[in-house]
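> Compute the structure for the input listed below.
(one chain, ligands or ions: 1)
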Amino acid sequence: MNPIVVVVHGGGASSISKDRKERVRQGILRAASVGYNILKQGGSAVDTVEGAVAVLEDDLDFNAGCGSVLNENGEVEMDASVMNGKDLSAGAVSAVRCIANPIKLARLVMDKTPHCFLTDQGAAKFAAANGVPTIPGQQLVTERSKRRLEKDKLEKDAQKADCEKNLGTVGAVAVDCQGNVAYATSTGGIVNKMLGRVGDTPCIGSGGYTDNDIGAVSMTGHGESILKVNLARLALFHVEQGKSLEEAADASLCHMKSKVKGVGGIIMVNKAGEWAVKWTSTSMPWAAAKDGKLHSGIDFGDTSITDLS
Ligand SMILES: NC(=O)C[C@H](N)C(=O)O
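Coordinates of the predicted model:
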């Protein structure tokens, strides 16, 4: 039987305050544990990444689903994508509103349409036709996301690198007992974004990519930078050229930094069960479950390992 592994991330970020750190750590551990249980019960890599990402979308401390950052009008518009490394089937949605779990809608696009990507009104119509419940948009807005928008509007002139202030995009990669790999990524995007702005997250090859013959990757970071270098596919290209997952993650992040000054984070897995986690932002919450052990961290050099129950 193939080794099973799931790796999750909670978004590249600047430093995280002490009280939030504990909540973020718990959220990321919960998502990895949920994913690992799906794999242990024989679930597919696609079910695993969708399940793990949905846990993080439901968690207010992450910039995805409820807790998403707000656009310039104070509204939540979300992007998500999912892909199956077995046959390269993919589903994505962008600029979707008033639903709790964009990743589940992306999965429906993958499974139930001849297309890869639906946006805005078309995505909403498809969601309604498939029985996805709508919720009032305000239900996705948190006090914290309102404060972040106010702060950004005030600081507009003293901009930090975008991904440094946009904690929380979430993602997962997994390999199942049959050796299939998959990725899922979901986000509210970047705070104070223009209406209709779409980032890397729903774009196959930028916010993520997977192919059983190479591996799976999910990204976080400054979306415009990631789009310009097609970061996810670039990372897997390096693997195809013979680099280890760690080397490939480093090389692609380094390329993005030198070419367009973008910073971000990356999680990777391959069907041999190897995994890698790398980031160039200040921190990135992550967790990886393999062989009954849960590895996790937030800052450089703070990896901890616990037993999975
Ligand atoms: N924090 C993030 O990862 C943001 C996301 N990549 C975007 O630009 O939409």
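
> Which positions in this structure make contact with the ligand?
Listed as neighbours of the ligand in the chain under the rule C-beta under 6 Å from any ligand atom: 11-12, 63, 163, 166, 169, 187, 189-190, 199-201, 220-223. Bear in mind the C-beta positions are built from the backbone N, C-alpha and C, glycine included.

> Which of these ranks first by neighbour count?
Comparing these by number of neighbours (other C-beta atoms under 10 Å), residue 169 comes first, having 37 neighbours.

> That one touches residue 222, doesn't it?
No. Residue 169 is beyond contact range of residue 222, at 10.5 Å (criterion: C-beta atoms under 8 Å).

> re earlier: tell me the least confident of the residues of the chain next to the ligand?
Within the set of those, pLDDT is lowest for residue 163 (51).

> Quick one: find the helix or strand in this protein with the lowest mean pLDDT.
Every helix and strand in the chain was compared by mean pLDDT, DSSP states H and E; the lowest is helix 143-155, with a mean of 91.

> ok, the residue of the stretch 1-150 of the chain found nearest the ligand - contacts?
Of all residues in the stretch 1-150 of the chain, residue 11 sits closest to the ligand, at 4.6 Å by C-beta to the nearest ligand atom. Counting by C-beta atoms under 8 Å, 6 or more residues apart in numbering, residue 11 touches 62-63, 166-170, 187, 220, 265, 284-285.

> From residue 278, how far off is it?
Relative to residue 278, residue 11 is positioned 14 Å away (C-beta to C-beta, to the nearest Å).

> Spatially nearest residue to the residue of the stretch 51-200 of the chain found nearest the ligand (excluding sequence neighbours)?
Closest to the ligand within the stretch 51-200 of the chain is residue 199: 2.6 Å, counting by C-beta to the nearest ligand atom. For residue 199, ignoring the flanking residues on the chain, the nearest one in space by C-beta to C-beta, 6 or more residues apart in numbering is residue 223 at 2.7 Å.

> correct me, but the one you found touches residue 202?
No. Contact criterion C-beta under 8 Å: residue 223 and residue 202 do not qualify, at 9.8 Å.

> The residue nearest to residue 111 when sequence neighbours are not counted: neighbour count?
Counting by C-beta to C-beta, 6+ apart, residue 91 is the residue found nearest to residue 111 once chain neighbours are left out, at 7.1 Å. Residue 91 sits with 29 neighbouring residues when counted by other C-beta under 10 Å.

> helix, strand or coil for residue 91?
What DSSP: H, G, I helix; E, B strand; the rest coil gives for residue 91 is strand.

> May I have the residues that are in contact with the residue in the stretch 201-309 of the chain that the ligand sits nearest to?
Across the stretch 201-309 of the chain, the shortest distance to the ligand (C-beta to the nearest ligand atom) belongs to residue 223, at 2.3 Å. Residue 223 is in contact with 162, 189-190, 199-201, 206-207, counting by C-beta under 8 Å, 6+ apart.
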